[in-house]
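Student: For reference, the sequence and a predicted model appear below.
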Amino acid sequence: MYKQCMTLAFTRVRVSEISLLHSRQSASFVVVVVVKAATRVDEEGESGLSLVSPRSTRTRGREDESRRSVSFGSFRFFRSFPGVETKTARMGATDGSRLSVAPGLDVTGPHYRTLCRMMSKRARLWTEMAHHDAVTRNASNTMRRAEALCTAQLGGSDPGELAKAAVVCADEYGYDEVNLNCGCPSERVCGKGESEKCFGAAMMLDAELTAECARRMAEAVDAKITIKHRLGVRYDKTMTKEEDTDCYDYVVDFVDKIKEASGVDHFIVHARCAVMGGLNPDANRKVPPLRYDEVFALCDDFAKTDFTLNGGVNSVTHAKELLDREGGKLAGVMMGRAFYKHPCLLADVDRLIFGEEQRVPPHTRRSVIREYGEYGDRAYAEKGGDDFFDAKSRKQWARKLFKSIDGITYGTSVGGRTFRKAADALLDTHYPLDAETPPFVSFSAHIARCAEHIPSEFLDAPLVDVNPEGDLTRQDGKAVSEQITAQLTSLSVRA
Ligand SMILES: Cc1cc2nc3c(=O)[nH]c(=O)nc-3n(C[C@H](O)[C@H](O)[C@H](O)COP(=O)(O)O)c2cc1C
């Protein structure tokens with residue numbers, strides 16, 4: 001095998017790029033030369049050379065039978081063959097996992113998930129994280145019954161309580177997949193003082209406890225249990241100090257222990273470390289460098305296990321490239337912030353990722369706004385309608401409902417905030433606090449009137465091949481945006 005790989009590496013691989021990477025080994029700069037994804041694709045398959053981790057030297061390959069790469073110190077030679085069954089097909093990751101919308105606290109609530117589902121029937125959606133206590137007390141805040149292709153995410157570190165919460169998610173609400181969050185670095189979840197109460201990324205520091213949590217959850221329900229985690233944990237925000245909890249060997253052990261104890265066979269890896277104490281959650285999603293090669297190395301070392309790659313994927317085409325890389329080793333790709341700010345990207349997912357026929361006619365922003373408005377009216381009625389809401393709560397409800405769709409103009413020349421500005425300008429008129437009678441307008445009318453301030457050329461353009469950077473190509477884009485803002489300002493003043 002070694003001989004074969006060496007031969008492959010040196011006879012078939014063209015080194016496409018040599019670059020200098022940062023050094024994390026010490027405060028003084030040690031430069032590491034990286035041969036970056038020296039990949040060659042031909043009719044016989046794809047072969048290449050990649051750097052796994054500067055510090056990882058252990059012999060890997062725990063699930064040896066179908067190992068398709070071999071590592072020498074820091075370097076990993078891989079070879080994939082077309083026509084050979086890929087892991088996704090063989091393992092059957094839960095439906096829709098090929099492309100999923102990442103869990104986002106205060107983002108991926110029921111309204112946002114409804115919006116996503118309008119544009120993609122196939123992508124897997126995720127609830128925002130809910131602590132096990134919150135779920136056992138009142139899951140309805142963020143869970144919905146019989147939601148197809150959706151993963152319920154739990155936070156917590158008490159195995160028994162997590163098992164109870166998993167039962168609520170799976171048996172009461174019908175989720176086919178329940179996930180344990182082991183990646184959130186927020187002080188609110190990792191800095192609780194008492195180690196037994198910490199959860200999120202802190203779970204990575206106690207693989208035995210995490211394995212026990214996963215085992216109890218898996219025993220309690222038929223639904224698939226998965227783990228979302230990082231590549232490691234660091235305490236030093238400068239990230240120059242060596243930490244044995246942030247190296248490839250550590251994450252291998254973490255995965256190994258969980259698999260062994262619980263049989264969990266699908267891990268969602270946010271491909272960077274979590275930094276505790278020093279970086280806020282936002283910085284923790286930007287500062288630690290992404291290490292995609294380590295996720296691919298996990299695919300090789302656990303060849304019978306599914307891995308979904310998460311972190312920094314900004315377009316559906318980028319997701320597709322990653323899914324195709326090395327012969328399709330990843331079970332899935334998960335995207336968060338790109339969809340949160342630019343939800344229209346979802347309109348291309350079913351066609352580009354799941355091979356569905358083009359939807360006819362394609363969605364437009366206008367059709368999505370109309371459908372979402374109708375959803376808003378139904379949700380209002382289900383909640384109890386005019387009998388349930390008073391003027392204040394009705395206005396709050398409308399504002400919250402609107403928040404999930406306010407990025408709909410992202411990627412147009414009118415700018416990502418224009419729709420929200422329209423809603424801010426019209427909210428007081430449409431939902432007056434002194435109203436004693438039913439709302440002045442329904443949610444669908446409110447949102448339709450907001451849309452009247454967006455030029456039709458943007459509302460009616462088909463959502464196909466949506467540009468991740470936005471379609472800000474119009475020379476007069478700024479002027480259009482300023483004109484709308486002026487219109488909206490005068491509306492607010494009148495209100
Ligand atoms: C506002 C926000 C809230 C998040 N909330 C959660 C959460 O509840 N659970 C979780 O596992 N990850 C959460 N994340 C992390 C994302 O799921 C994802 O792992 C991260 O943003 C990296 O993916 P991306 O680069 O595609 O955004 C959150 C991220 C953001 C931006």
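Tutor: It's in.

Student: for the helix or strand residue 478 falls within, packing partners?
Tutor: Element membership for residue 478, per DSSP states H and E: helix 477-494. Judged by 3 or more CB pairs under 8 Å, 6 or more residues apart in numbering; DSSP states H and E, helix 477-494 is in contact with helix 418-430. Just so you know, the C-beta spots here come from the backbone N, C-alpha and C atoms, and that holds for glycine as well.

Student: So which bits of the helix it packs on are buried?
Tutor: For helix 418-430, a neighbour-count test (16 or more other CB atoms under 10 Å) marks 418, 419, 420, 421, 422, 423, 424, 425, 426, 427, 430 as buried.

Student: Distance of the second one relative to residue 447?
Tutor: Pointing back at residue 419 there. Computed with CB to CB, to the nearest Å, the distance linking residue 419 and residue 447 is 9 Å.

Student: which residues do those two both contact?
Tutor: Common contacts of residue 419 and residue 447 (CB atoms under 8 Å, 6 or more residues apart in numbering): residue 405.

Student: before we move on, the earlier item: restrict the helix holding residue 478 to CA atoms and write it as CSV.
Tutor: Below are the C-alpha coordinates for helix 477-494, written out as CSV (Å, rounded to 0.1, in the frame of the first residue of the first chain):
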residue,chain,number,x,y,z
GLY,A,477,-27.3,50.5,-8.2
LYS,A,478,-26.3,53.1,-5.5
ALA,A,479,-28.7,55.7,-6.9
VAL,A,480,-31.6,53.2,-6.9
SER,A,481,-30.9,52.3,-3.4
GLU,A,482,-30.6,55.9,-2.3
GLN,A,483,-33.9,56.8,-4.0
ILE,A,484,-35.7,54.0,-2.2
THR,A,485,-34.2,55.0,1.2
ALA,A,486,-35.4,58.6,0.6
GLN,A,487,-38.9,57.3,-0.2
LEU,A,488,-38.9,55.2,2.9
THR,A,489,-37.6,58.0,5.1
SER,A,490,-40.4,60.2,4.1
LEU,A,491,-42.9,57.4,4.8
SER,A,492,-41.5,57.0,8.4
VAL,A,493,-41.7,60.8,9.0
ARG,A,494,-45.3,60.8,8.0
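
Student: got a list of contacts for it?
Tutor: Residues external to helix 477-494 that are found in contact with it (CB under 8 Å, 6+ apart): 413-415, 418, 421-422, 424-426, 428-429, 453-455, 474.

Student: try 6 Å
Tutor: Here helix 477-494 makes contact (CB atoms under 6 Å, 6 or more residues apart in numbering) with 413, 414, 415, 418, 421, 422, 425, 453.

Student: Show me which residues of this protein are close to the ligand?
Tutor: 102-105, 107, 128-129, 153, 181, 183-184, 228, 270, 285, 310-313, 335-338 (CB under 6 Å from any ligand atom).

Student: So among these, which ones count as buried?
Tutor: By 16+ other CB under 10 Å, the residues of the chain next to the ligand give 102-105, 107, 128-129, 153, 181, 183-184, 228, 270, 285, 310-313, 335-338 as buried.

Student: Take the residues you listed and keep only those in strands.
Tutor: The strands, defined by DSSP state E, take in 153, 181, 228, 270, 310, 335 from these.

Student: which non-adjacent residue is nearest the residue positioned nearest the centre of the chain?
Tutor: The residue lying closest to the centre of the chain (CA atoms, centre = their mean) is residue 102, at 2.2 Å. Distances taken as CB to CB, 6 or more residues apart in numbering put residue 336 closest to residue 102, at 3.2 Å, once the chain neighbours are dropped.

Student: Against residue 103, how distant is the one you found?
Tutor: 8 Å.

Student: now residue 350
Tutor: Per CB to CB, residue 350 is found 21 Å from residue 103.

Student: now do residue 151
Tutor: Separation of residue 151 from residue 103 (CB to CB) stands at 8 Å.

Student: what sits in contact with each of the two?
Tutor: Taking CB under 6 Å, 6+ apart as the criterion, residue 151 and residue 103 both touch residue 126.

Student: ok so, going back, what's the offset of the helix holding residue 478 from the middle of its chain?
Tutor: Chain-centre distance of helix 477-494: 34 Å, with CA atoms, centre = their mean, to the nearest Å.

Student: Okay, angle between it and helix 418-430 too, please.
Tutor: Here helix 477-494 runs at an angle of 10 degrees relative to helix 418-430 (axes from the mean of the first three to the mean of the last three CA atoms, to 10 degrees).

Student: for the stretch 51-200 of the chain, what spans make up the helices?
Tutor: For the stretch 51-200 of the chain, the helices defined by DSSP state H, counting those that start in this stretch occupy 87, 110-119, 132-138, 159-167, 187-190.

Student: now these as CSV including mean pLDDT, distance to residue 378 and mean neighbour count?
Tutor: Formatted as CSV, the helices of the stretch 51-200 of the chain follow (pLDDT from 0 to 100; distance: least, CB to CB, whole Å; neighbours: other CB atoms under 10 Å):
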stretch, mean pLDDT, distance to residue 378, mean neighbour count
helix 87, 46, 40, 22
helix 110-119, 98, 10, 21
helix 132-138, 96, 22, 18
helix 159-167, 98, 28, 21
helix 187-190, 88, 34, 16
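
Student: Of all those, which one is nearest residue 385?
Tutor: helix 110-119 (17.1 Å; CB to CB).

Student: Low-confidence bits of the chain, can you list those?
Tutor: Applying pLDDT under 70 to the chain flags the ranges 1-92, 195-196, 237, 239-242, 435-439, 470-477, 491-495.

Student: As TSV, the helices of the stretch 51-200 of the chain with distance to residue 480 would be great.
Tutor: Below are the helices of the stretch 51-200 of the chain laid out as TSV (distance: least, CB to CB, whole Å):
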stretch	distance to residue 480
helix 87	47
helix 110-119	25
helix 132-138	44
helix 159-167	48
helix 187-190	41
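
Student: And for stretch 111-127, what's in contact with it?
Tutor: By CB under 6 Å, 6+ apart, the surrounding residues in contact with stretch 111-127 are 96-97, 99-101, 103, 108, 142, 149-153, 346-347, 349-350, 354, 368, 371-372, 375, 401, 404-405.

Student: Now, of the residues you listed, which are buried?
Tutor: Among the contacts of stretch 111-127, those classed as buried by 16+ other CB under 10 Å are 96-97, 99-101, 103, 108, 142, 149-153, 346-347, 349-350, 368, 371-372, 375, 401, 404-405.

Student: Looking at the residues you listed, which are in strands?
Tutor: Per DSSP E, the subset of the buried ones among the contacts of stretch 111-127 in strands is 99, 100, 101, 150, 151, 152, 153.

Student: Is the last one bridged to anything, and to what?
Tutor: Read that as residue 153. residue 179 (DSSP bridges).

Student: now swap in the second one and tell me
Tutor: Note on residue 100: beta-bridge partners residue 124, residue 334, judged by DSSP bridges.

Student: Quick check, it in contact with residue 334.
Tutor: Yes: judged on CB atoms under 6 Å, residue 100 makes contact with residue 334 at a distance of 4.6 Å.

Student: where's the one residue in the stretch 251-400 of the chain that gets nearest to the ligand relative to residue 345, distance?
Tutor: Residue nearest to the ligand within the stretch 251-400 of the chain: residue 336 (2.9 Å; CB to the nearest ligand atom). Going from residue 336 to residue 345 by CB to CB gives 12 Å.

Student: Also residue 113?
Tutor: In this view, residue 113 and residue 345 are 15 Å apart by CB to CB.

Student: try residue 191
Tutor: In terms of CB to CB, residue 191 sits 34 Å off from residue 345.
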